[in-house]
Every structure is written in structure tokens, then in C-alpha cells.
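Peer 1: Just a sequence and a predicted model for now, questions to come.
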Amino acid sequence: MDFNYSRQNLNRPEHILERALEILPGALSWSILIGAVVTSIVWPLTAAVFTIAFILYWIFRLVYMNIFLVLSYALLFVDRSTDWMERIAVIDRREIGFKSPLLARPDGTLAEKISQSVYLRQLRDLKKSGALPPQSESLYHLVIIPAIKEGSDIVEPGIRSILAGRYPARRIFILLALEDRAAAPVKADMAALQKKYINGFADFWVVTHPGNLPGEAAVKGANTSYAARQARRYFDERRIPYANVIVSCFDADTVPNPDYFSCLTYHFMITPERTRRSYQPIPVYHNNIWNAPGFARIIDIGTSFFLLVESTNPSKLVTFSSHSMSFQALVDIGYWPVDMISDDSAIFWKAFIHYDGDYQTVPLNTTVSMDIVEGQDRWQTFVHIYKQKRRWAWGVENVPIVLRAFLRAEKISWRQKIAYGYKLVDSFVSWATWSFLLALLSWLPGVFAGKEFASTTVFYIAPRVSGTILSLSTIGIFICMAVSLLMLPPRRRENNFWANLRHGSEWLFIPAIVILLSAIPALDAQTRLMFGRYMEFWVTDKFRGKGKGESAKD
């Protein structure tokens, strides 16, 4: 569908519709929160009944999330030992649908057998589609790394990881997308990195994005889109087909797993509709995890958990942070939005709308590691994290654009429109309200209820329901604690037992952390959008300072 994915340059009817839809998420969130308080004061019995219903619903969601968190972690664990390059070789030999040596290992572990079962199913699905993939030797990777404030100490670890990875670097292009307004030391660092690594990859170049181009805002998407257009000219000159290029847009601090590009290549080859798919790894924040304060660790581990749960439902998975996609699709849809902050999720919706709903995200059972936001002290760290989470929550700016597109789209089915539209709105409203509801509704109706409340059935049921949710919440916290400990990198030069014990105890503060550094920033973002106070892109400061008794890099 031909649709301008922007809130700019709209005619009057579209602008009115856009503003009405911008108000929708914030209005829903505030209505729920204010309605809960007013109902608790005016109709406490009704509020108590609603509380029980909401808590029961939340229990089911909690059980669901914990089950799929464990399942997703299990899949991630299973594929840690997978030899993706060997699987790529099997596809190259066209041994699709037949038992390869990979599948004839009766003495394999349970994890290997599970992985092989998934692998065999993927091969059969590929054979059934009749869409044979290109040979791996004809595929290339383009890695775009935007930078404005980040020096070589932030950017170089990711480049080293790519070079040392299992996928041949001669098939990988590195493109540093540098803002023209970057400071001179940053520009010098990028030039030094190009000189140092240019012979290690297929090519390595730096593209400088000029400022104040017409129609652009000071956002990352404008920088990466400019860089991608320069790459397009490069591929045209060398007659490299766009469909044979997989583009990965990484944050400056992204350090991919050594098997990332081999895993990505395999999934690109095994997916029949490979050029109409995005590919999403699991983000973990391990680069400086042991340097950051406990509240910073917990909130970003929670982000990883959210993506782990979401990855179990690919049909509704939306790209987040560092991700990959076909360069052909990127060209078809006109690159990343150049006037939006939330470019990582906007690119999925832009592609979904362009291809009339025939677009999905493929989860990758591998990780990319990034930095936890830090400041010079705990208070500055808290402020920086708040601003970062508010920036993430500003993804709500996609809601009015997507819904407006759905109203125009004739080829996207109503089932898809309703399912995706509801999930999009619900995700932001739940983000801003659930923590408050769980904190308020468990006790607020009882405060304002009169003596007659004590004689009702609800009076006897409510404490039991509250006790049940407390027990289940405790179990859920212990499950999260266990998974987080399994995913953490080793801490150097410190007793792991005491470090793990301290980290586990940090999860006891999760209710307060979620309200302060998740729900409130989300409500802040929605309120700003509701009143038309549009946010500007805020670049997170990155630090590579050394923590007490450990190296700066894990």
C-alpha cells in the first residue's frame, strides 16, 4: 500500500484524524487510572469486584508469561551449541527434507535432539514451499552502526566481535553512519577504526550524514537512512542484488554473539518469504552489567525477558533495538522514517503496511549485548534510565500512524487489523497502567468502603485472592530470578555466590522499580503525545568506566 508513514504533510482531514488517534492511548490510560480511583471512592464494592476480576486476569497472564519465559530461555539454551555454519552447508548442498549427518546422532543430548527436531521441521517447510534459497556464497551482510557521541571505546568492541565471529568477515560490509554534528574526536575515532579494520571485511566505510536536510528531524532513522542510500549506490556499482544483502542496524554499543551472523544467515536461507521478514535477536545488557546499579540491571533484564516471551509468538513480534532485514525490503519501503524517534519498531510497521500485512518478524535464538545506561552517580543513572525508557515508550507515536493506515488499507484483512491494532494499543496502555492498578486496587476499595462492606461475600474473597496473587507473584519473581542468574555473564575477581545472592535479592524491589522506571515513563510519553508535546531524540550517554574489582568489559 502506498502510504506516507509520517505525521507530517497531512491534509486537514488526515491531520484531524491523526490528532484524535494521538490522544487515544493517553486518554485510555488516564481514564483507567482515574476511573479506578473514583470507583474505589464512590462505589467501593464495585471496585472490589473489579479488583478480583483484574487480579484473576493478571494471574493468568503471569502464568502465561512465566511458562513462555522458561520455554524461550530453553530454546535459547538449546541453540547455544548449534553449528549454524554446518546447517548452512546442508542447505547449500540442497539436502532439504532428507536426513543429514546432523540428524543422525542417536547419542545426542536432549537439547541436541530438540534442536534437530526443529531443524528437520524447518527443512521440510522449506522444501514444501518450493522456494529454494540462494547459495550462501552469494549472500552479503551490511552492518550499519550509527554514531554521534560514541567513541571507539564504545563502537570497537562490536566490530571486534563481528570480525572474530564464526561467519566469514569477507561477506560482511561495515558502514559507520556518522552525524556531521559529531565532535571532532568522535570523527577521528571513526576514521581510525576504518583504517584499522578495512582489510578485515568485504569493505568498511564511514558515511557522514549532513544536518538540516529537508523533511528530516534530528533522529537516528535519518542518519541510518542516509547511510543506507549510500550503500545502495555502492551495491548498484558492483551489481550486487538487493535481495542477496541482509542489513543489520545496530546501536553503537551492540556486541553481537559470535554466532549471530551464521544464525541470521541460516534463518534467512531457511525462510521461504525471506525478503519479507525482519529478524530479531534477543537483546541482553551485559556489556557493563556488573558496573551498573542494581535497579538499572533489573529494569534492563526485564526488557530481555519481555523479548524472550514475545519471541514465542512470531506472528505478533515487532522489531526492537538492534535487528536485521532484507535490503530489498528496506529499499522497497523507503528506508527508516526520518522524522520519528522509534525507528526500530516503526520500520516493522512501515513494512507491514507496505506489503499489505504480508510481513512478519522471525525470532533468532541468539543474543546481541548492549550497555545498561549509566551516569556519573546513582541519581544521574536513575535520570538517564528514566529518559531512555520514556524514549522507548515514545514508540506510542506509531499508534496513530498505524491505525490511520489500517483505516485506509483495503488489502489488509480485518482480522489482521483488529488483532494487530488491539495488541499495539493494549501493549502501551498496559505498560502505563498495570503496575499502578496492581499497587492501588489491592487495598484502595477497602479504605473507602463502609461497614456494610464487611458483611459482603467480596470482603471474604478479597483477602484470599490477594494472598493467592502474592504467592504466585513470589513464584514468578523466583522464576525470573533463576532465569536472570542463568543468563548473566560471569563476574570477574569476585565470589560468584555472593554476587548472585546480591543480584537475586535485587528482584525483591521489582514492584517499585517497574513503577518508577517503566510505568511512569510510559505514562509520561503518552501524556506528551496526547497534548501534542512531541519529543526530540535523546542520545544516551555511554560509559566504559571500570567498576570495583572488575574489568570494564564482560
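Peer 2: Right, received. Where do you want to start? What you see is a predicted model, and the numbers here were worked out from it, not measured in a lab.

Peer 1: Low-confidence stretches in this protein?
Peer 2: For the chain, the stretches with pLDDT under 70 are 95-112, 441-443, 445-473, 490-504, 507, 537-554.

Peer 1: now the strands for it?
Peer 2: Taking DSSP state E to define them, one finds strands in the chain at 140-147, 172-179, 203-209, 245-249, 255-256, 277-284, 323-326, 360-369.

Peer 1: Let me have these in CSV, extended by distance to residue 377 and mean neighbour count.
Peer 2: All C-beta atoms are positioned from the backbone trio N, CA, C, and that covers glycine. Shown next, in CSV, are the strands of the chain (distance: least, C-beta to C-beta, whole Å; neighbours: other C-beta atoms under 10 Å):
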stretch, distance to residue 377, mean neighbour count
strand 140-147, 26, 24
strand 172-179, 28, 23
strand 203-209, 33, 19
strand 245-249, 32, 24
strand 255-256, 25, 24
strand 277-284, 25, 24
strand 323-326, 33, 26
strand 360-369, 24, 22
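
Peer 1: Pipe these into a markdown table and attach distance to residue 513 per row.
Peer 2: Putting these into a markdown table (distance: least, C-beta to C-beta, whole Å) gives the following:
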| stretch | distance to residue 513 |
| --- | --- |
| strand 140-147 | 29 |
| strand 172-179 | 33 |
| strand 203-209 | 36 |
| strand 245-249 | 29 |
| strand 255-256 | 25 |
| strand 277-284 | 18 |
| strand 323-326 | 26 |
| strand 360-369 | 21 |
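
Peer 1: mind checking which of the ones you listed is nearest residue 429?
Peer 2: Nearest to residue 429, of all those, is strand 360-369, at 21.8 Å by C-beta to C-beta.

Peer 1: from memory residue 26 sits against residue 529, does it?
Peer 2: Yes. Residue 26 lies in contact with residue 529 (C-beta atoms under 8 Å); the separation is 6.1 Å.

Peer 1: that older thread, who wins for proximity to residue 408 among the strands of the chain?
Peer 2: Among the strands of the chain, strand 360-369 sits nearest to residue 408 (C-beta to C-beta), with 21.2 Å.

Peer 1: Okay, now the sheet partners of that closest one, with direction.
Peer 2: In the sheet, strand 360-369 lines up against strand 255-256 (antiparallel), strand 277-284 (parallel) (DSSP bridges).

Peer 1: Among those, single out whichever gets nearest to residue 392.
Peer 2: Taking the strands paired with strand 360-369 one by one with C-beta to C-beta, strand 277-284 is closest: 11.5 Å.

Peer 1: tell me how far the closest one is from the chain's mean position?
Peer 2: 7 Å (C-alpha atoms, centre = their mean, to the nearest Å).

Peer 1: And the contacts of that strand?
Peer 2: With contact meaning C-beta atoms under 8 Å, 6 or more residues apart in numbering, strand 277-284 is reached by 76, 246, 256-257, 260, 264, 267-268, 271, 303-304, 307-308, 311, 317, 319-326, 347-348, 351, 359-370, 487.

Peer 1: That one versus strand 245-249: what angle between them?
Peer 2: Relative orientation of strand 277-284 versus strand 245-249 (axes from the mean of the first three to the mean of the last three C-alpha atoms, to 10 degrees): 40 degrees.

Peer 1: Could I have the CA atoms of strand 277-284 written out in PDB?
Peer 2: Listed next in PDB are the C-alpha coordinates belonging to strand 277-284 (Å, rounded to 0.1, in the frame of the first residue of the first chain):
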ATOM      1  CA  ARG A 277      10.800 -10.800   7.100                       C
ATOM      2  CA  SER A 278      12.700  -9.000   9.800                       C
ATOM      3  CA  TYR A 279      15.000 -11.000  12.100                       C
ATOM      4  CA  GLN A 280      15.100 -10.200  15.800                       C
ATOM      5  CA  PRO A 281      17.700 -11.400  18.200                       C
ATOM      6  CA  ILE A 282      17.300 -11.300  22.000                       C
ATOM      7  CA  PRO A 283      18.900  -8.200  23.400                       C
ATOM      8  CA  VAL A 284      20.800  -8.600  26.600                       C
END
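
Peer 1: Domain map for this protein?
Peer 2: Structural domains annotated on the chain: 13-81+290-317+364-554, 95-128, as defined by automatic domain parsing.

Peer 1: out of the strands paired with strand 360-369, nearest to residue 236?
Peer 2: strand 277-284 (23.4 Å).

Peer 1: Please name whichever of the strands of the chain is nearest to residue 1.
Peer 2: Of all the strands of the chain, strand 360-369 sits nearest to residue 1, with 16.6 Å by C-beta to C-beta.

Peer 1: Name the surrounding residues that touch that closest one.
Peer 2: Residues from elsewhere that reach strand 360-369 (C-beta under 8 Å, 6+ apart): 75-76, 78-79, 250, 254-257, 259-260, 263-264, 267, 271, 276-287, 310-312, 314-315, 317-319, 321-323, 348.

Peer 1: Kindly report the same for stretch 187-196.
Peer 2: By C-beta under 8 Å, 6+ apart, stretch 187-196 touches 147, 151, 152, 155, 156, 159, 176, 178, 204, 205, 206, 208.
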